[in-house]
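Colleague: below are the sequence and a predicted model; questions follow.
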Amino acid sequence: MRPLWFVALLSLILSLMAAPASAHEVRPGYLELKQTAPATFSVTWKQPILGERILRLQPIFPAECTAGRETAAQVGAALIRRFELACPLGTGEIRIAGLERSLTDVFLRIERVDGSVTAHVLRPAAPSLDLARPAGAPLAAYVRIGIEHILLGWDHLLFVTGLVLLVRPRQLIAAASSFTLAHSVTLSLATLGHVSLPSAPVEITIALSILLVALEALRRRAGHEDLSARFPWLIAFGFGLIHGFGFAGALSEIGLPEGAQAWALLLFNVGVELGQLALIAGLLAAGLALKRLRLAAFEPALRVCAYVVGIAGAYWSIERTAALFQIG
């Protein structure tokens, strides 16, 4: 038998992926400035929170601007700060200090009394906006947020990984399509305000879905043909409905741009699908390459992957349930 180096390496990689206590690493910020007088703006700043840690991001305005008294409140996974800003915002720049050291984006929206709107996306590589220059349209950034939510959101990433481990290649298209259809429906309904579920039970159920799909993958590899193995599109569709509410949580942190809600929602969903397809293609390509090498460790490696996915799901299930009931 050849050395089991591949099993150990893949186990280490997936364990590191599953390590973060907070499964959603990408939390966009949102900075909105509404003009209420010629030289006065009402400012709303949504600052992302990861677990117990508030991202150290701070909006910096032109030197002539003066901020008034501030109010702050935590709502969900964001600290919302509101204050008045005295300045015309005609020249200079708006910058987010600390953004260059993060993995997130900040959506900036400036609405003036004449009805004109400036919308821009500030990124780690470009954390400032020159007010004298026209801003680019932010809609395309929703594709990027969708891709990042899959590739950097560990819970959705691990669920899709578990689904690939469970499903036979000839069934994968049907399963992936069912997952896509289901989460698209609930994502749209939740984001547009037609359906609402508390975030804590949704996050617990998502964690349980990771655990279940891993257990089913292990049972299939052991030779058991359960309903989920014969009709994987059923489990993909059912849990896809729940994952759609999880995707909606990412959008709820920033909201949708006025007058372009449908386009932003569509582009975010396109980004989610691109990220999901890239992940599936990468996993299948890696599996095919390793299978052609005829490694004796190939089948044990698949079981190790399923165990790591299941352990991550079990850990998050316990952690989120404990947080819900404030155990410990």
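Modeller: Perfect, thanks for sending it.
Colleague: residues near the residue nearest to residue 239 when sequence neighbours are not counted, how many?
Modeller: Leaving aside its chain neighbours, residue 239 sits nearest to residue 209 (4.1 Å; criterion: CB to CB, 6 or more residues apart in numbering). Every residue, glycine included, has its C-beta placed from N, CA and C. Neighbour count for residue 209, taken as other CB atoms under 10 Å: 26.
Colleague: repeat that for residue 132.
Modeller: What residue 132 shows, counting by other CB under 10 Å, is a neighbour count of 9.
Colleague: pLDDT score assigned to it?
Modeller: In this model, residue 132 is scored at 82, pLDDT.
Colleague: that one in helix, strand or coil?
Modeller: coil (DSSP: H, G, I helix; E, B strand; the rest coil).
Colleague: separation between it and residue 107?
Modeller: 20 Å (CB to CB, to the nearest Å).
Colleague: so the residue nearest to residue 239 is in contact with residue 243, correct?
Modeller: Yes: with contact defined as CB atoms under 8 Å, residue 209 reaches residue 243; the gap is 7.3 Å.
Colleague: overlap of the contact sets of those two?
Modeller: Common contacts of residue 209 and residue 243 (CB atoms under 8 Å, 6 or more residues apart in numbering): residue 159.
Colleague: for residue 44, name its beta-bridge partners.
Modeller: Note on residue 44: beta-bridge partners by DSSP bridges are residue 32, residue 82.
Colleague: pull the longest helix from the protein.
Modeller: When the chain is parsed with DSSP state H, its longest helix is helix 261-292.
Colleague: give the buried residues for that helix.
Modeller: Residues of helix 261-292 classed as buried by neighbour count (16 or more other CB atoms under 10 Å): 264-269, 271-276, 279-280, 283, 287, 290.
Colleague: coming back round to it: which residues touch the helix or strand encompassing the residue nearest to residue 239?
Modeller: Residue 209 belongs to helix 199-221 when elements are defined using DSSP states H and E. Under the criterion CB under 8 Å, 6+ apart, residues 23, 76, 155-156, 158-159, 162-163, 165-166, 226, 228-229, 235, 239, 242-243, 245-246, 249, 299, 302-303, 306-307, 309-310, 312-314, 316-317, 319-321, 323-324 lie in contact with helix 199-221.
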